[in-house]
Structures are given as structure tokens and as C-alpha cells.
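Colleague: Just the structure for this:
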Amino acid sequence: MAACKDVVNHRYSPTGGLPDLKEAIVAKTARDSGYEITPKQVLVTNGGKHAVYNAFATLLDPGDEVLVPAPYWTTYPEAIRLAGAVPVEVPTDSASGFKVTVEQLDQAATARTKMLVFVSPSNPAGTVYSREQIEEIGQLALERGWWVFTDEIYEHLVYGGHSQHSVPVVVPELADRCVIANGVAKTYAMTGWRVGWLIGPADVVGAATNLQSQMTSNVNNVAQRASIAALNGGLETLASMREVFDRRRKTMFKMLSDIEGVTCVEPEGAFYAFPSFEGVLGREIKGRRPADTLELAQLVLEEARVAFVPGEAFGSPGYGRFSYALSDADLVKGMERLDELFSQSVE
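Modeller: Down below sits the predicted model:
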């Protein structure tokens, strides 16, 4: 309320972000991941998606290829295409825990490969890579001269003894060819405030700032002030939020795994489960035989009143994304409805 009443917030402010917010992001990044940066390496954006778009628009040229492990967040390939570049999907599956290998990346690369999209924890599968896996992939990118785009929006939502590691910390030699997207949406549950940021080499951030000056100018000042308070306020409340998410994660994983025809890899981060429906597809359910998860999602919505996002949206047909960012009671009710519906399936 104080920020709303302060007339200074009624005016234009620097395109790249309020200086106090940039300083808060610098301090937060050092505190949370051990990555030492300067304010010149930070661009405050209109949410995480804006950071993603700015990164690709700044670094990619028409015809460049970008390695995108699947499943992926739906925005990545679309923003790559908007930059005129070509997303090259590198498929993973439940057998590997949805983790891409250096061998897969090496085989998918061509002379036109310019960038790797690497995300841990990931949306939609909740995959968390170990420090050793990150180092191995980072070394490949370093040897090949690739840029690495990494999205750290779920950095604090990790469970079961897993840890998040920042790519330029694990492989410091990559810092000059690494850009990071982050924001207040997930850690601080501030999705509607639309404040994100891009971290990268100062020249890249400067170019992205020039681009943003012609697109949106500064991010909402009141939202920036709220983000300063959030970042400077510590992480005490996050621990209780993560504990609740962890409980719901375990509940959803168990209930999905107990449904006949459904298999699920236990999610390690974020707040999604990504089960396989290969044992359900093609079976008759309520007089219909869904051939893919697009058809299955429609059937489940109509018959069980449960919504999930089909795997086709993430480059992984046969799977579906469920969120456990909802109440315990609603989560259980939804899983029970899904179980009841699938129990009626026949060959």
C-alpha cells in the first residue's frame, strides 16, 4: 500500500529494473546459489516468460539450432521459433527419469547448434539433476562452444534429499556463455505480480535491455517494490511451503502409482507429477477408446472432472502433467475420481 501511495512509483523508472531490486537479486543469487554477479548482469523482466523471450531474441539468429530436452515447458520451443531459430527436441522418458545424457545431446547436435536449454528442477517432470550430471553436461557445452540457457524458477522446490545446483557455479568456465531466468513467481508464490529477471554476461544483458526498452519499458514499479521486500525478507516461510508441497507430492505419487495402467516416476522437484498412461491408452473407457493423451485428457475432464495437461504439449506423448499445487482434500478427491474412472476400463 505504501508503494502504491508513493508518487515516485507513478512514474517511469529504468528499463532494466529498479537499482534496489537489482541489488536484491545480486544478493539473493549469491545467497541461494553461490553465484557472484553484478547489477550490470541483471535485467528485470515482466515475469519469467519475458526473461525467456528476451534471452532467445537477443542470442539467437535465424537458422540457429537449440537443443531442447523433452519433456519441456511449452514456452521454450515457441520462443525459440519466434527468434527465427530451430528447436531440436531431445526426447527422454520415464526409464531415464526424464534426464538427458551427454551422448544424446552429442548425437542431436549439428554444426548449427548454438544453444542448449537445460532446466533443473524441471517443469513438467520435476526432474532434478545431480551436481555430477550437471558438470558432465556443462563440460560438453563448454567443449562445443554452446550457449546454455537455464531456468531456475523452481530452484528452492526440491525434495527427498535432492539439491539444485546452478550451472555457472558447477562449471564456472561457462559463466560467459550462460544465461539464467528466474523470478518471484514460485519461491514467493507471487505469480500474478509478474516480476522475473534475466542474468547473464553484461553485454548480453545490455542488448536485452535495449530490446526491452522498445517492447515494454520498465516493469510495474509497485510489483518491483514488492519483489524487493520478498527477496530481502529471507526464506523462512519457504520451508513450511516446501513441507506442504512435499506431503502432497508423496500423496499424488502414491495414488497415481496405485492406479491400474498408470506408472509414475517420483518427482524430485517443482510441483508436478508426470505419469505415463501407456497402460490405459487404447482401452475402452465409458464407451470410448482414447488413442493418445490428448483424447484421454478430454475424456478425464468430461467424465471425472479432473484436469491434466496432455504430454503432447511438452513433447512427450503418452504422459500427462498433474499439479499438486492445490489443497490436500482436492488432490485426494481428484486422484480417487481418476482411479474410479480407469477401474472401469476394459480391453
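Colleague: Show me where the stretch 1-150 of the chain has its strands.
Modeller: Taking DSSP state E, counting those that start in this stretch as the test, the strands found in the stretch 1-150 of the chain are 42-45, 65-70, 86-91, 113-119, 147-151.
Colleague: Present those as a markdown table; the columns should include mean pLDDT, distance to Gly269 and mean neighbour count.
Modeller: The C-beta positions use only the backbone N, C-alpha and C, and glycine is treated the same way. As requested, these are arranged in a markdown table below (pLDDT from 0 to 100; distance: least, C-beta to C-beta, whole Å; neighbours: other C-beta atoms under 10 Å):
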| stretch | mean pLDDT | distance to Gly269 | mean neighbour count |
| --- | --- | --- | --- |
| strand 42-45 | 98 | 23 | 28 |
| strand 65-70 | 98 | 15 | 24 |
| strand 86-91 | 98 | 20 | 19 |
| strand 113-119 | 98 | 10 | 23 |
| strand 147-151 | 98 | 12 | 24 |
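Colleague: who wins for proximity to Gly196 among those strands?
Modeller: Nearest to Gly196 among these is strand 42-45; the distance by C-beta to C-beta comes to 4.6 Å.
Colleague: Would you give the sheet partners of that closest one, along with the direction of each?
Modeller: Strand 42-45 pairs in its sheet with strand 196-199 (antiparallel), by DSSP bridges.
Colleague: Kindly format the C-alpha coordinates of the strand it pairs with as PDB.
Modeller: Backbone C-alpha positions of strand 196-199 (Å, rounded to 0.1, in the frame of the first residue of the first chain) are rendered in PDB as follows:
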ATOM      1  CA  GLY A 196      11.200 -12.100 -13.300                       C
ATOM      2  CA  TRP A 197      14.800 -11.500 -14.200                       C
ATOM      3  CA  LEU A 198      17.500 -12.500 -16.700                       C
ATOM      4  CA  ILE A 199      21.100 -13.000 -15.500                       C
END
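Colleague: would you list the strands of the stretch 1-150 of the chain in JSON lines and tack on distance to Lys333?
Modeller: As requested, the strands of the stretch 1-150 of the chain are exported to JSON lines (distance: least, C-beta to C-beta, whole Å):
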{"stretch": "strand 42-45", "distance to Lys333": "37"}
{"stretch": "strand 65-70", "distance to Lys333": "31"}
{"stretch": "strand 86-91", "distance to Lys333": "33"}
{"stretch": "strand 113-119", "distance to Lys333": "31"}
{"stretch": "strand 147-151", "distance to Lys333": "32"}
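Colleague: what's near enough to touch the most centrally placed residue in the chain?
Modeller: Geometric centre of the chain, nearest residue: Asn123, 4.5 Å, by C-alpha atoms, centre = their mean. Contact partners of Asn123, counting by C-beta atoms under 8 Å, 6 or more residues apart in numbering, are 73, 154, 270, 272, 321.
Colleague: what about the closest residue to the last one other than its chain neighbours, neighbour count?
Modeller: Counting by C-beta to C-beta, 6 or more residues apart in numbering, Arg321 lies nearest to Pro124, which is 3.9 Å off, once chain neighbours are set aside. The burial metric for Pro124, expressed as a neighbour count using other C-beta atoms under 10 Å, is 27.
Colleague: just checking, Ile228 touches Ile25?
Modeller: No: if you go by C-beta atoms under 8 Å, Ile228 and Ile25 don't touch, sitting 9.3 Å apart.
Colleague: what's the span of stretch 258-274, first residue to last?
Modeller: This stretch, stretch 258-274, spans 14 Å end to end (C-alpha to C-alpha, to the nearest Å).
Colleague: Can you tell me what sits against the helix or strand Val169 falls within?
Modeller: Using DSSP states H and E, the element containing Val169 is helix 167-170. By C-beta under 8 Å, 6+ apart, the residues outside helix 167-170 that reach it are 33-35, 118, 131, 134-135, 138, 148, 150, 174-175, 178, 180.
Colleague: Drop anything exposed from the residues you listed.
Modeller: Among these, those classed as buried by 16 or more other C-beta atoms under 10 Å are 33, 35, 118, 134, 138, 148, 150, 174-175, 178, 180.
Colleague: Which phi and psi values does the residue nearest to the centre of the chain adopt?
Modeller: phi -110, psi 120 (degrees, to the nearest 10).
Colleague: still on that earlier bit, how about the strands of the stretch 1-150 of the chain, which one is nearest Ala208?
Modeller: Closest to Ala208 of the strands of the stretch 1-150 of the chain is strand 42-45 (C-beta to C-beta; 5.2 Å).
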